[in-house]
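S.K.: sequence and predicted structure, then a few things I'm wondering about:
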Amino acid sequence: MAKRKNIRTAGRLMTGVVYTVPSRGDTEQQRSAKTQVSTLGREKMNMKYSWQKMEWLVAANFDYRDLMLTLTYRDDCRPEKRSEAVKRFRKWIKGVRDLRKKTGEATLYIYCTEGLHGDHKLHHHVIINCHADSVQTLIDLWPHGNVDYEPIGVMGYTKLAQYLTKEPREQGHWNVGERTWIPSLGLYRPKPETGFCPDNYTLTPPPGAHVLFSDSVRNEWGEFTYLKCILPEQPPDLPQRYHRPPRKNAAKT
């Protein structure tokens with residue numbers, strides 16, 4: 001019996017799947033049973049939705065103390081068009097980058113601009129590498145309205161990613177084919193650990209991990225096991241994390 005593994009680790013978020021795969025010499029019955037569990041395994045690791053891709057990107061680059069900001073507009077300076085709102089956001093984030101360059105800090109962020117739901121008032125959500133004790137400098141750079149904020153840990157990676165991608169799912173896209181959220185340069189994109197593993201390999205959460213979800217299916221000839229968990233918090237490596245140089249293959253703003 002051969003097994004294959006696919007384990008993704010992004011910051012403290014880890015998901016893993018182990019499943020039996022068909023092998024040479026299998027009877028038709030054996031191959032059918034193994035194909036069933038291997039299909040489940042591959043589907044579980046396939047990030048079909050925009051929120052799943054954002055979840056991994058957030059977990060890989062931001063910790064629970066980093067912030068999700070909501071930038072709003074006062075009635076007397078509300079932009080009429082989304083394109084104008086995006087220009088104002090880009091001017092704001094440029095100001096943040098310029099300010100941080102003086103201290104050598106990188107500016108890592110993911111943002112989206114909304115205005116199709118609720119009262120249809122344009123606003124921005126942005127996840128950024130900033131803790132609450134230094135957020136006032138970012139607030140001071142936004143002259144157009146209020147800036148609300150909360151640590152990522154309040155919602156967690158999954159709910160946060162689902163929240164920031166809710167508008168296109170529920171209301172549709174502003175423009176056909178347009179990206180629903182924009183990542184900054186320099187974001188780290190972890191690659192999964194894949195390959196074969198021993199037949200007796202058991203997928204278990206690391207010590208101290210908090211299990212978010214687990215699932216398993218087993219039949220006479222094979223098995224599939226899935227695990228999603230939050231790893232124990234490690235001491236932050238701030239110099240590396242906040243001074244990471246931009247990567248050549250990072251998506252552009």
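M.R.: It's in.
S.K.: using the three-state scheme, assign the closest residue to Asp148 other than its chain neighbours.
M.R.: In space, and not counting its chain neighbours, Asp148 is closest to Thr70: 4.5 Å by Cβ to Cβ, 6 or more residues apart in numbering. (Each C-beta comes from the backbone N, C-alpha and C, glycine too.) The assignment at Thr70 comes out as strand when based on DSSP: H, G, I helix; E, B strand; the rest coil.
S.K.: run a quick neighbour tally on the closest residue to Leu231 other than its chain neighbours.
M.R.: Nearest residue to Leu231, sequence neighbours excluded (Cβ to Cβ, 6+ apart): Arg12, at 4.5 Å. Using other Cβ atoms under 10 Å, Arg12 has 18 other residues around it.
S.K.: OK, contacts around the residue nearest to Asp148?
M.R.: Shown in contact with Thr70 (Cβ atoms under 8 Å, 6 or more residues apart in numbering): 123-125, 147-149.
S.K.: how about 7 Å then?
M.R.: 123, 125, 148 (Cβ atoms under 7 Å, 6 or more residues apart in numbering).
S.K.: check Leu57 too.
M.R.: Contacts of Leu57 by Cβ under 7 Å, 6+ apart are 110, 183, 187, 189.
S.K.: could you write me a ChimeraX select line covering just the buried ones among those residues?
M.R.: Buried subset of the contacts of Leu57, written as a ChimeraX selection, criterion 16 or more other Cβ atoms under 10 Å:
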select :110,183,187
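S.K.: coming back round to it: could you give the bridge partners of the residue nearest to Asp148?
M.R.: Beta bridges link Thr70 to His125, Asp148, judged by DSSP bridges.
S.K.: checking Arg97 next. Helix, strand or coil?
M.R.: helix.
S.K.: surely it touches Ala106?
M.R.: No. Look at Arg97 against Ala106 with Cβ atoms under 7 Å: they stay out of range, at 8.7 Å.
S.K.: ok, these two, which is more surrounded?
M.R.: Higher neighbour count among Arg97 and Ala106: Ala106, with 19 against 15, using other Cβ under 10 Å.
S.K.: so how far is Lys191 from that one?
M.R.: 21 Å (Cβ to Cβ, to the nearest Å).
S.K.: repeat that for Gly25.
M.R.: For Gly25, the distance to Lys191 - Cβ to Cβ - is 32 Å.
S.K.: ditto for Asp119
M.R.: 42 Å.
S.K.: name the nearest residue to the residue nearest to the spatial centre of the chain, sequence neighbours excluded.
M.R.: Geometric centre of the chain, nearest residue: Glu55, 2.1 Å, by Cα atoms, centre = their mean. Excluding the flanking residues, the one nearest Glu55 by Cβ to Cβ, 6+ apart is Ala161, at 3.9 Å.
S.K.: and the one you found, that one's in a helix?
M.R.: Yes. With three-state DSSP as the criterion, Ala161 is located in a helix.
S.K.: okay, now it: neighbour count?
M.R.: Other residues close to Ala161 by other Cβ under 10 Å number 25.
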